[in-house]
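Asks: sequence? don't have it. structure:
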């Protein structure tokens, strides 16, 4: 069952988000969760000995992989980049204000 | 098939390294292992468009993260050996176990590997080339057959970029 591997990758990222206290580490973990979902979608759409869904002249009856998950993932990858950039921007602002990435110290220095 | 297993295991190891390394720069490089292995496995899964986009996006996100680390600090927050941290670890491990068990329970409902359901996509494959005139079916789906989806995602992208500009701008409102 190959689907278990992206799920384990997702859970590693989730563990990082839950346990780590450093903001950059949490951003990295969120990105890893993103990647795990992309891999899962690509595996769902794969077809045994399937070709990429691109039309070729002369090869009419080839099997194509599922183009729908690929289309969903293609936009999701770009959204993932934008959210990573937004999170990094917020983290840099927090560092400029508090001088630390530690979320517990950030909470203590409130006000 | 074997390549997918090897690359997935490499990705899991890279993710574990990225979470556990004490130096932030090394952690970001380990995240690069995960992203580029993902691009390679897209190639093996018959998705060259995704591989190209993933390589570009991975490079850009690594540049963003490295620039942020150079501007700030390289060191991870040291892990404190406190009693109050134990419930956090127990909770994390509990989440891990419960999600894995739930996935194993529902994995029987998924279509088998190599035999996708193709409910919507069989129509797209049958008539997509004639309907849209595009030789690449993925481009046909995102830009023509499901154009409103792409419009919504572009809105999300715009919102994220506007948020980034608002967060990072130097000048505030004058008092």
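Replies: That came in fine, so what should we check first? In this text, all values refer to a predicted model and were calculated from it rather than measured experimentally.
Asks: Residue 100: neighbouring residues, count only.
Replies: No chain specified, so I'll use chain A. A count of neighbours around residue A:100, defined by other Cβ atoms under 10 Å in any protein chain shown, yields 18. Yep, even glycine has a C-beta here, placed from its N, CA and C like the rest.
Asks: meant chain B actually
Replies: The burial count for residue B:100: 15, using other Cβ under 10 Å.
Asks: The closest residue to it other than its chain neighbours and residue A:76: what is the separation?
Replies: Closest residue to residue B:100 apart from its sequence neighbours, by Cβ to Cβ, 6 or more residues apart in numbering or on different chains: residue A:11 at 6.3 Å. Residue A:11 is 19 Å from residue A:76, where distance means Cβ to Cβ, to the nearest Å.
Asks: Those two - which one has more neighbours?
Replies: Set residue A:11 next to residue A:76 and count neighbours by other Cβ under 10 Å: residue A:11 wins out with 22 against 16.
Asks: show me what contacts the more buried one?
Replies: Counting by Cβ atoms under 8 Å, 6 or more residues apart in numbering or on different chains, residue A:11 touches B:95, B:96, B:99, B:100.
Asks: Spell out the secondary structure type for the residue most central in space within chain A.
Replies: Taking Cα atoms, centre = their mean, the centroid of chain A lies closest to residue A:34, which sits 1.4 Å from it. Following DSSP: H, G, I helix; E, B strand; the rest coil, the label given to residue A:34 is helix.
Asks: wait, it sits on residue A:78?
Replies: No. Using Cβ atoms under 8 Å, residue A:34 is not in contact with residue A:78, being 11.2 Å away.
Asks: Which secondary structure elements does the one helix or strand in chain A whose mean pLDDT sits lowest sit against?
Replies: Least confident helix or strand, chain A: helix A:103-108 with a mean of 78, by mean pLDDT, DSSP states H and E. Helices and strands in packing contact with helix A:103-108 are listed as helix A:67-98; criterion 3 or more Cβ pairs under 8 Å, 6 or more residues apart in numbering or on different chains; DSSP states H and E.
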